[in-house]
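Q: With the input below, show me the fold.
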Amino acid sequence: MDERFSVWQFFPDGSYEKVRDHVPADEAFKGFKHYTTSVGARIGTTVRVIITDSGDQINAEWKHGEGIVFPPAPSTRTKEYQCQDCGIRIVVEGDLVPAEPILCQRCDPAFASLLDNKHHRVQR
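A: Sure, this is the predicted structure:
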């Protein structure tokens, strides 16, 4: 049997209503898109919209003023570190945190034998 989904919208006073009940994924997504872009969503009379599966787990969530909060968007943040041996700047994208000590590819013994200068991809 195919998975079925429900779509719920919530209002500022805490009340809510089921706006799609046990529908296929494509229909649930259409309903989710409709209610998150509706006039009510834009002016704040709809404050939250969710898609739930047959196990009552939230598969998608939108909140007024925040947009889609689940699933979370991939991180687009960057962080800068400095190689502890040579001082070169290292730019890391996303939520990755380098292991200590922070070394560039040229200074890290695990990478040193694999790289030559033209393939060293760390920004200066």
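
Q: hey, let's count contacts and neighbours off CA atoms from now on
A: Noted.

Q: Could you check how many residues crowd around the closest residue to residue 104 other than its chain neighbours?
A: The spatially closest residue to residue 104, leaving aside those adjacent along the chain, is residue 83, at 5.4 Å (Cα to Cα, 6 or more residues apart in numbering). Counted by other Cα atoms under 10 Å, the residues lying close to residue 83 total 17.

Q: Please, where are all the helices along this structure?
A: Secondary structure of the chain (DSSP state H): helices located at 25-36, 39-43, 109-112.

Q: got the contact list for the residue nearest to residue 104?
A: 89, 90, 102, 103, 104, 107 (Cα atoms under 8 Å, 6 or more residues apart in numbering).

Q: I'd guessed the third one sits against residue 86; true?
A: No - between residue 102 and residue 86 there is no contact under Cα atoms under 8 Å: 10.5 Å.

Q: who has more neighbours, the two?
A: Neighbour totals were compared for residue 102 and residue 86, and residue 102 leads with 16 against 11 (other Cα under 10 Å).

Q: Tell me the pLDDT of the spatially most central residue of the chain.
A: For the chain, residue 73 is the residue whose C-alpha lies nearest the centre (Cα atoms, centre = their mean; 1.8 Å). Looking at residue 73, its pLDDT stands at 72.

Q: go on, residue 30?
A: pLDDT recorded at residue 30 is 96.
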